[in-house]
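Asker: Sharing a sequence plus its predicted fold:
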Amino acid sequence: MKTPRFSLLAAASVLGLFTGILPAQNATPDERARAMLARMTTEEKIGQIQQIHGPDEAAASEGRVGSFLNIVDPAISMKLQREAVEQSRLGIPLLLGRDVIHGFRTVFPIPLGTACTWDDDLAREGARAAAAEAAVGGYNWTFSPMVDISRDARWGRIAESFGEDPYLSARMAAAFVEGYQSPMPGRPKGIAACVKHFGGYGAAEAGRDYGSTPIPPRELNDVYLKPYEGGVKAGALTVMSAFNELDGVPCTGSHFLLTEVLRQRWGFEGMVVSDWESVVELTTHGFAKDHREAAMRAINAGLDMEMTSHSYRDYMADLLASGEVSMATLDERVLAILRVKYALGLFEDPYGPAFDAKKYLLPETLALAQRTAEEGAVLLKNEGDLLPLGKGVTVAVVGPLADAAHEQLGTWAPDGRDADAVTPLAALRVKLGADRVIYAPGLTYSRDASTGGFAAAVAAAKKADVVLCFAGEESLLSGEAHSRADITLPGEQEALVQALAATGKPVVLVLMTGRPVAIENLRGKVPAILAAFHGGTMAGPALANLLFGDASPSGRLTVSWPMASGQEPIYYNHKSSGRPASYGDFVPIEKIPQGQLQTSLGFKNSHIDLPPWPAWPFGFGLTYGKIGYSDLELSAKKIGMDGVLTVSATVTNSGARAATEVVQLYVRDDYGCVTRPVRELKGYERVSLAPGESKKVSFTLRPEDLSFTHIDMAMGPEKGTFTVWIAPDSASGLEGHFSLE
Ligand code: BGC
C-alpha cells in the first residue's frame, strides 16, 4: 500500500499533466525546476540560496532555507526535512551537507593516501561506501572531492588533495564523483558530490592556508583547472568556490571562474556553493565595501548558494529593489539549486534511508578501507630486502603513532570514532601473538619533546630482531589552517629513530603523516621506509599485512617527496629553465672550498645546499617483486592531427614474489610556442605480475592528449617533436621519440 506521501506526490504529478504547473516525474530536472520556480515568491527564492549551519526549524517550515550543513543527529535532520517538505508552502526538500572527505563512520585513508593507490576503481568503491554510510547518517550531499593541485607539502590541506598532478587528480576526481553519485535505493544519484575548492586554492603562497595563489593564466588552464574539469565532466552536481583570491579576484566573486569557465566553457548545470563565509570575506579581501556589496558581487559572478554567513538572506531583497541584482539572475541561481534537488530524487524520497547504526562499519566497508590503506602505502626504501619480515621474528614496536587511534584517522574524520580504529600495535599483536611484540613507544605523541621514554625504547629494540618505528604527525598537524613552515618530523622523533638505529638492530621506519615529511637526517640511517600517511580506521591491519608480506606494497607517490622544507614548492612537471641542473652538477655545500670563485659553482637552477630534485620523485614506489622494463615500441614515428599513437613496453617481474607495478606513461613536448613542462603524466595502469611473469602494457596517445594553452591563449595540440617514456616513476623509464605533423 502506498504511503499518503506517495499518493500525494502521484496525485500532484497527474494534476501537473493537466495543469502544466508540475511536470511529471519523468520530465527533466530542468523542466521540473522551471515549473517550480514559476510558483515561487521572491522570499522563497531567497530562502533557497541560503545555507544555514546548525538547525533552524522555523526557517525550514517557512521555506526560508535551501540547505543545512553539519546536522549531526539524524533525528534532527529528519525533523528539519519533514518541516521543509510537509510544512513549507511548496514542500521543497533540503540539501543536508557534510564534509565526508575520507569516509564517514568507517574512515578511509586521507585522500592523499587514496590517490597513492593509483587505483581509480578502488577510489570509486570507497566513495560509494562512504556515501552509503553518510546517507544513513542523514546526509544527501558531501563537500568532497577536494581536487586542488598541491605542490607544496607545507600546505596542511595537501592531506585532502590527490597530490601534484593534474591528469591523475582529474581521474581521481571523476572516480570520487562517480562513487558518491552512484545510485542507491530511492536515490538515483546517491549523494551529491561537490568538487572543491574552485579554483587554484592549493597554490597558496608559502603553503599558508587561505593565502593568495599567484598562478599564471596558462598554468591555471593546463594544470590547476584540470582536476575540477575532470570532476565536472564526470557529472558532479555541485562545486564549491574557494577562499583564495586569484589575480586580484577572490574566487567567490569571480565571474571568470564561476560563469565563464564553469558554465560557459565546461557546460556545468549544477549549483555552486560558497565556502564557509567566503561571501562576506569578500569584504576582508578588500573586494567589496560591505556585506551587501559582497552579496551583490557573489551572486552576479555566478555563486548560487551562500554557506553559513547570511548576506544573501539579509540583502537580496534590497539588491533586487535597487536593480543591482536582476530577478533573472536570482532565478538562474534558484534554478541551479532546484535542478540538483530534482536530479538527486529528493522530491520523490526526501528522507533517504532510515538511521540504522548497523549499516556502519560493515565488513565489506572495512575491507575496502583496509585495501585502500594497503594499496596506498608507498615503500620508499627496502635495503637488502629487509621487508617483508618473516613470521618468526620478534619485533620492538616503537614510536608515537604505533598505538594512536585518533591520529591515524587523519585530518577530516568528524564522524569516525577512535574506538573503531585498529592501531598497528593491536594488529601486530593479533598477527604475531602478544609475546613476540615488545611495545615501548619512546614518545607519547608526535610533538613530544621529552626523551624520558628513550631508554625503554632502546631496551626493547635490543631484545627484538627488528624494530618497527611508527613515526609521523598527529592528525591536527595537517588539514585546514594547519600548515607547517618546517615539515620535518616534529618533537624528538628524529632523535628517537637515531637512538634506535644506533642499537644496530634493523629499523623499519613507518611514516604515518598528513603530508610527505622531510627525513633527510634519517634516510641513510634506516634500511626500510614505508610512507603510510594517515590510513584511517584499518591502518593497523593494513600495515601489519604489508610488513609481513600478507599484502604487497603497490602504492606510488602522487607528490614529490622533499628533502627539506626549503625545497617547497617542488614538483616533477616543472619547466626546464635555461640552465637546468643535472645529476652530475650538484656539489654538496660542505665540499665547496672556502674562497671558491663564484663562476665555478655552476650557475644552475639549484640551491647550493640542496639539489633541485626531491628525495623520491613523483610516481616512485617499490614492490616486493623485482621489476624490469624492456622493449619500448611506438606504433609510428609520426602522427597527424587526426592520428593515434600506441606506445607499449614489456614489464617483467624477475623476483620471487608477486607484485603490482604501476606502469606510467609520460610525455615531453620538446619545444613549443610557449615553454612546456619537462614531463607530463598521460596514462597509468596497475599491472599485477606473478614471479617470473612478463606483460606487455600499451597506452594510446591522441593529439588532444598533447593539448596546452598557446601563446595566444588558444588551446590545442601543436605540431613538433615529443619525447615519450614508459616508466616506473617520473624520473626514469624507457625513452622514445615521435613527431606530430
Ligand atoms: C572548508 C571546506 C568545507 C567547509 C564546510 C570550510 O572551512 O574550507 O572545505 O567543506 O568548511 O565544513
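Answerer: In hand now; what should we look at? Numbers count the residues shown, from 1 in each chain.
Asker: Nearest the middle, which residue of this protein would you pick?
Answerer: Geometric centre of the chain, nearest residue: residue 161, 3.0 Å, by C-alpha atoms, centre = their mean.
Asker: how would you label the nearest residue to residue 183 once chain neighbours are set aside: helix, strand or coil?
Answerer: Nearest non-adjacent residue to residue 183, counting by C-beta to C-beta, 6 or more residues apart in numbering: residue 190, 6.3 Å away. C-betas here are computed from N, CA, C, even on glycine. Assigned by DSSP: H, G, I helix; E, B strand; the rest coil, the conformation of residue 190 is coil.
Asker: Pull the contacting residues for residue 190.
Answerer: By C-beta atoms under 8 Å, 6 or more residues apart in numbering, the residues touching residue 190 are 128, 131, 135, 179-184.
Asker: Now the phi/psi pair for it, please.
Answerer: Dihedral pair for residue 190: phi 60, psi -130, per degrees, to the nearest 10.
Asker: Distance check, it against residue 642.
Answerer: For residue 190, the distance to residue 642 equals 38 Å [C-beta to C-beta, to the nearest Å].
Asker: Please work out the average pLDDT along stretch 67-84.
Answerer: The average pLDDT for stretch 67-84 rounds to 97.
Asker: Quick check: buried residues in that stretch?
Answerer: For stretch 67-84, burial by neighbour count (16 or more other C-beta atoms under 10 Å) applies to 67-69, 71, 74, 76-78, 80-84.
Asker: One more: stretch 671-683?
Answerer: Those would be 676-683, for stretch 671-683 by 16+ other C-beta under 10 Å.
Asker: One more: stretch 636-653?
Answerer: 639, 645, 647-653.
Asker: Check what pLDDT the residue nearest to the centre of the chain gets.
Answerer: For residue 161, pLDDT reads 98.
Asker: from memory it sits against residue 145, does it?
Answerer: No: the pair residue 161 / residue 145 is not scored as a contact, 9.3 Å apart, by C-beta atoms under 8 Å.
Asker: which neighbours do those two share?
Answerer: residue 111.
Asker: Helices of the stretch 51-200 of the chain, start to end?
Answerer: For the stretch 51-200 of the chain, applying DSSP state H, counting those that start in this stretch gives helices covering 57-61, 74-82, 111-115, 120-136, 166-180.
Asker: quick one, phi/psi of residue 660?
Answerer: Main-chain torsions, residue 660, degrees, to the nearest 10: phi -120, psi 120.
Asker: The residue nearest to it when sequence neighbours are not counted is in what secondary structure piece?
Answerer: Spatial nearest neighbour of residue 660, excluding adjacent residues (C-beta to C-beta, 6+ apart): residue 554 at 3.8 Å. Using DSSP states H and E, residue 554 sits in no helix or strand.
Asker: Who are the contact partners of the closest residue to the ligand within the chain?
Answerer: The ligand sits closest to residue 143 of the chain, with a gap of 3.4 Å, by C-beta to the nearest ligand atom. Neighbouring residues of residue 143 by C-beta under 8 Å, 6+ apart: 69, 97-101, 194, 196, 240, 273.
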